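>>> okay, here's the prediction I keep looking at, along with the sequence it came from:
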Amino acid sequence: MKKLIVSSFYKCLINKEEAIPVSTMLAIENVRNKGNLFAVCTNNLYKDVLYYNKDFPFLDYIISLNGSYIYDVKNEKCLYKKKISKELIEKILSLFNNYEMYLITDTKKILSTAYNNEEVYKIEITLPNKKTDLTILNNLKINKLLIKKANKFILEITSGLCDNFKATKKITTTKNIDMKDVIVIAANESEIDLVKNISTSFIIKTSAKILKDFAKHSTLSIENVLKKI
């Protein structure tokens with residue numbers, strides 16, 4: 001049966017030199033040659049990942065911006081996108097007007113002061129310190145927004161109608177793949193929804209500690225998983 005492998009990009013595929021090891025690329029190629037699909041998750045722009053696909057194509061899909069934008073690499077087009085409404089953007093701008101903030105479109109990051117009604121898929125807010133009072137967020141959660149912490153100082157806001165798990169389901173529906181044939185290798189806290197909901201989920205030695213409470217399997221590296229597919 002055809003499988004869909006979904007991997008974290010940062011802290012999983014690329015190494016400390018921000019390169020993908022040749023051995024990992026060959027392992028991915030071997031999996032894809034068997035008819036399987038390979039996708040990556042990133043909380044950044046899809047173009048940041050697509051750069052790595054230029055010389056040695058290994059990607060089928062890029063789940064970017066915490067699931068709010070899926071890029072179909074083979075067909076060079078967007079498979080799915082879910083923007084934040086302009087009404088909610090204005091509300092967020094008002095609530096966090098004293099914070100450093102970036103609004104992220106499908107192709108670029110815009111400083112909040114330069115926003116000019118572009119379609120926005122994710123908002124990043126820099127917190128002054130890790131003890132910042134976040135009760136202000138209660139005003140946003142009722143508006144069906146997904147709010148995640150990328151780290152101690154960065155808040156990420158996307159539409160509550162999308163996440164990495166829902167994006168994965170979108171790909172499986174498009175390609176007629178059963179969810180039991182999805183394999184996840186997760187490293188970042190923002191992918192916790194995948195680890196919680198996918199029965200075949202792996203963490204590796206570089207994965208965020210919070211994932212260890214939910215992952216079904218643990219191994220040293222992504223290559224260990226790929227070699228068994």
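That came through, no problem.

>>> this structure: helices as residue ranges?
22-33, 46-50, 86-95, 138-141, 164-175, 192-197, 222-226 (DSSP state H).

>>> got the contact list for the first one?
When contacts are defined by Cβ atoms under 8 Å, 6 or more residues apart in numbering, helix 22-33 is touched by residues 5, 13, 38, 56, 58, 60, 222-223, 226-227, 229. Where you see a C-beta, it was placed from the backbone N, CA and C, and this is true even at glycine.

>>> among these, which are in strands?
5, 38 (DSSP state E).

>>> can you flag the buried ones in the contacts of helix 22-33?
Neighbour counting over those (16 or more other Cβ atoms under 10 Å) leaves 5, 13, 38, 58, 60, 222-223, 226 as the buried ones.

>>> quick one, what contacts the nearest residue to residue 123 once chain neighbours are set aside?
Residue nearest to residue 123 in three dimensions, not counting chain neighbours: residue 157, with 4.3 Å by Cβ to Cβ, 6 or more residues apart in numbering. Going by Cβ under 8 Å, 6+ apart, residue 157 touches 84, 92, 122-125, 140, 145-148.

>>> from those residues, which is closest to residue 1?
Among the contacts of residue 157, residue 146 lies closest to residue 1 (Cβ to Cβ), at 31.1 Å.

>>> ok, the closest one touching residue 158?
Yes - contact status for residue 146 versus residue 158: in contact at 4.9 Å, counting by Cβ atoms under 8 Å.

>>> got the domain ranges for this structure?
Following automatic domain parsing, one finds the domains of the chain at 4-81+162-226, 86-159.

>>> where does the protein have low pLDDT?
130-134, 136-143 (pLDDT under 70).

>>> just the CA atoms of stretch 56-65, as CSV, please.
The C-alpha trace of stretch 56-65 is given here as CSV (Å, rounded to 0.1, in the frame of the first residue of the first chain):
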residue,chain,number,x,y,z
PHE,A,56,18.1,16.8,-5.8
PRO,A,57,14.2,16.6,-6.0
PHE,A,58,12.9,14.6,-3.0
LEU,A,59,9.6,16.4,-2.0
ASP,A,60,6.0,15.7,-2.9
TYR,A,61,4.4,18.2,-0.6
ILE,A,62,5.3,21.0,1.8
ILE,A,63,3.0,21.6,4.8
SER,A,64,4.0,25.2,5.7
LEU,A,65,2.9,27.9,8.2
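
>>> how about the CA coordinates for stretch 164-174, as CSV?
As requested, the backbone C-alpha atoms of stretch 164-174 are provided in CSV (Å, rounded to 0.1, in the frame of the first residue of the first chain):
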residue,chain,number,x,y,z
ASN,A,164,-0.5,20.1,10.5
PHE,A,165,-2.8,17.1,11.2
LYS,A,166,-5.7,18.5,9.1
ALA,A,167,-3.2,19.4,6.3
THR,A,168,-2.0,15.8,6.3
LYS,A,169,-5.5,14.6,6.0
LYS,A,170,-6.0,16.9,3.1
ILE,A,171,-3.1,15.2,1.3
THR,A,172,-4.3,11.7,2.1
THR,A,173,-7.7,12.5,0.8
THR,A,174,-6.3,14.0,-2.4
